[in-house]
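Q: with the input below, show me the fold.
(one chain, ligands or ions: 2)
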Amino acid sequence: MHNDRILITGACGQLGSELTLALRNLYGEANVVATDLTPPKGGEIAEGIFEKLDILDGEQMATLVRKYKITQIYHLAAILSAAGEKNPKMAWKVNMDGTFNVFDVAVEQKVEKVYFPSSIAVFGPNTPPNYTPQYTIMNPRTVYGISKLAGERWCKYYFDNYQLDVRSLRYPGLISYKTPPGGGTTDYAVDIFYKAVAKQPYQCFLKADTYLPMMYMPDAIKATLDLMHADFDKIKLRGGYNLAAMSFCPSELATEIRHYEPDFQVSYVPDFRQKIADSWPQSIDDSKARADWQWKPDYTISMMTQDMLHNLKLLQNQQEEVLV
Ligand code: NAD
Ligand code: AKB
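A: Ligands and ions are numbered 1, 2, ... in the order given. Modelled structure (predicted):
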């Protein structure tokens with residue numbers, strides 16, 4: 001582990017801003033290179049090595065991999081589901097060409113391991129929605145989901161044909177308080193907390209009874225690191241592993257929040273994201289991840305809700321102190 005040098009794409013996003021810190025803690029600040037389109041605007045992530053990198057620029061990517069003698073790439077940069085539907089060709093280009101650049105640079109420069117995050121968006125309206133199995137009908141209907149499913153298949157292709165040790169997880173919607181989400185369909189489950197803490201009503205863009213699989217960020221980080229640290233022989237799937245923690249709908253989350261903020265009001269005005277959510281599973285069977293590399297989540301909806309409110313209130317108090 002101490003000889004590893006890691007490059008992260010999309011490091012300033014919702015996942016990257018926390019995964020980068022976890023990787024720096026494990027591997028040392030000097031061994032982790034955060035990259036993104038623009039430098040971080042302050043925060044802990046700004047404290048380590050940062051390089052500007054557009055993942056569509058394969059030459060610059062190769063230069064950085066050479067310069068830092070990179071041995072592992074965590075390829076997080078992508079355009080998410082809701083943002084992707086606004087500019088489908090652009091989303092396809094970033095998600096596919098960027099991934100090819102990562103895989104090709106990794107093969108050319110003998111990078112030892114690559115991480116490719118997939119998503120529940122690989123599933124579609126013909127998929128069995130409850131306890132969705134690892135292998136089933138997929139047929140994603142968003143450009144994001146199509147690109148993630150294609151990305152998974154290319155993971156397997158590069159593993160089979162170029163012996164690239166690439167590993168992948170199908171994350172549910174991720175919930176966190178450090179960095180806001182970047183344009184997904186599950187974003188309501190983060191936005192709602194900001195309104196609750198500000199003591200304002202929340203207008204939800206999904207219907208009250210829309211069940212989706214979700215996960216708290218510490219579990220997502222744990223799953224990612226466990227997968228990447230698992231022995232080579234334990235990784236039986238080279239597409240994305242199904243991964244689960246909790247499933248709930250907006251009205252259930254509002255009820256949880258009301259245990260701490262009894263006056264919290266939520267209204268429901270579904271928009272184009274409803275159709276996307278309706279095409280995704282409601283719950284996930286992650287038994288393969290549990291069997292192959294002993295995955296087990298820690299956080300329930302009530303633990304997550306308590307922790308989100310606690311931390312957002314702390315941040316709010318810190319901001320108020322700065323203003324005084
Ligand atoms: P995000 O939108 O918050 O962050 C993505 C980052 O990629 C941004 O910082 C953005 O600047 C960067 N980026 C976009 N285009 C780029 C380009 N051309 N070159 C370099 N950087 C570029 O996304 P996230 O939530 O942090 O997601 C990270 C990964 O995890 C993505 O691949 C996403 O598909 C996957 N994922 C996330 C979730 C979730 O709920 N957050 C769920 C499933 C899968
Ligand atoms: C999105 O909603 O697009 C993401 C995801 C589940 O991949 N949060």
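Q: pretty sure L7 is touching I73, no?
A: Yes: judged on CB atoms under 8 Å, L7 makes contact with I73 at a distance of 5.0 Å. Every C-beta, even on glycine, is put in place using the N, C-alpha and C of the backbone.
Q: what is in contact with the two at once?
A: V65 (CB atoms under 8 Å, 6 or more residues apart in numbering).
Q: what's across from V114 in the sheet?
A: Beta-bridge partners of V114, counted by DSSP bridges, are I73, V166.
Q: what about it, how many residues nearby?
A: Other residues lying near V114 total 25 when counted by other CB atoms under 10 Å.
Q: for D263, same thing?
A: The local packing of D263 (other CB under 10 Å) involves 8 other residues.
Q: for it, grab phi and psi.
A: Dihedral pair for D263: phi -90, psi 10, per degrees, to the nearest 10.
Q: same check, this time on Y202
A: Y202 adopts backbone torsions of phi -120, psi 130, taken as degrees, to the nearest 10.
Q: name whatever forms a beta bridge with it.
A: As for beta bridges, Y202 partners with V266 under DSSP bridges.
Q: correct me, but it touches I192?
A: Yes: contact criterion CB under 8 Å: Y202 and I192 qualify, at 4.9 Å.
Q: residues in contact with both of these two, list them for me.
A: Joint contacts of Y202 and I192 (CB under 8 Å, 6+ apart) are 254, 266.
Q: strands of the stretch 51-200 of the chain, residue ranges please.
A: Taking DSSP state E, counting those that start in this stretch as the test, the strands found in the stretch 51-200 of the chain are 72-75, 113-119, 165-171, 173-175.
Q: show me what counts as buried in the longest helix along the chain.
A: Looking across the chain with DSSP state H, the single longest helix is helix 301-323. Judged by neighbour count (16 or more other CB atoms under 10 Å), helix 301-323 contains these buried residues: 301, 304-309, 312.
Q: could you say what helices and strands that helix packs with?
A: Counting contacts by 3 or more CB pairs under 8 Å, 6 or more residues apart in numbering; DSSP states H and E, helix 301-323 packs against helix 188-197, strand 212-216, strand 246-248, helix 250-258.
Q: hang on, the earlier thing: could you dump the buried residues of helix 301-323 to CSV with pLDDT and distance to ligand 2?
A: Formatted as CSV, these follow (pLDDT from 0 to 100; distance: CB to the nearest ligand atom, whole Å):
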residue, pLDDT, distance to ligand 2
I301, 98, 17
M304, 98, 15
T305, 98, 18
Q306, 98, 22
D307, 98, 19
M308, 98, 16
L309, 98, 21
L312, 98, 19
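Q: farthest-apart pair in those residues, please.
A: Largest separation among those by CB to CB: I301 and L312, giving 16.2 Å.
Q: got any ranges where this protein has weak pLDDT?
A: The model of the chain has pLDDT under 70 over residues 1-2, 324.
Q: who's in contact with the residue of it found nearest ligand 2?
A: Residue of the chain nearest ligand 2, by CB to the nearest ligand atom: G184 (2.5 Å). Taking CB under 8 Å, 6+ apart, we find G184 in contact with 80-83, 173.
Q: tell me, how many residues neighbour the nearest residue to it once chain neighbours are set aside?
A: Nearest residue to G184 in three dimensions, chain neighbours excluded: L80, at 4.2 Å (CB to CB, 6 or more residues apart in numbering). Neighbour count for L80, taken as other CB under 10 Å: 23.
Q: L80 and L174 touch, don't they?
A: No: with contact defined as CB under 8 Å, L80 does not reach L174; the gap is 10.4 Å.
Q: helix or strand: which one has the residue of the stretch 1-150 of the chain found nearest ligand 1?
A: Going by CB to the nearest ligand atom, ligand 1 is nearest to G13 of the stretch 1-150 of the chain, at 2.0 Å. Taking DSSP states H and E as the definition, G13 sits outside all helices and strands.
Q: likewise V33?
A: Counting by DSSP H and E, the element that carries V33 is strand 32-36.
Q: who's in contact with that strand?
A: Contact with strand 32-36 is made by 5-13, 16, 20, 23-24, 40, 45, 48-53, 64, 68, 70, 77, as judged by CB under 8 Å, 6+ apart.
Q: go again using 6 Å as the cut-off
A: With CB atoms under 6 Å, 6 or more residues apart in numbering as the test, strand 32-36 has contacts from 6-12, 20, 23-24, 49-51, 53, 68.
Q: and that strand, anywhere near ligand 1?
A: Yes: shown here: strand 32-36 in contact with ligand 1 (CB under 6 Å from any ligand atom) through D36.
Q: can you list the strands that that strand pairs with?
A: Partners of strand 32-36 in its sheet, by DSSP bridges: strand 6-9 (parallel), strand 49-52 (parallel).
Q: so Y260 sits right up against D307, yeah?
A: No: using CB atoms under 6 Å, Y260 is not in contact with D307, being 11.2 Å away.
Q: find residues that contact each of these two.
A: In contact with both Y260 and D307: no residue, using CB under 6 Å, 6+ apart.
Q: now the residue of the chain closest to ligand 2, what are its backbone angles?
A: Main-chain dihedrals, G184, degrees, to the nearest 10: phi -110, psi 180.
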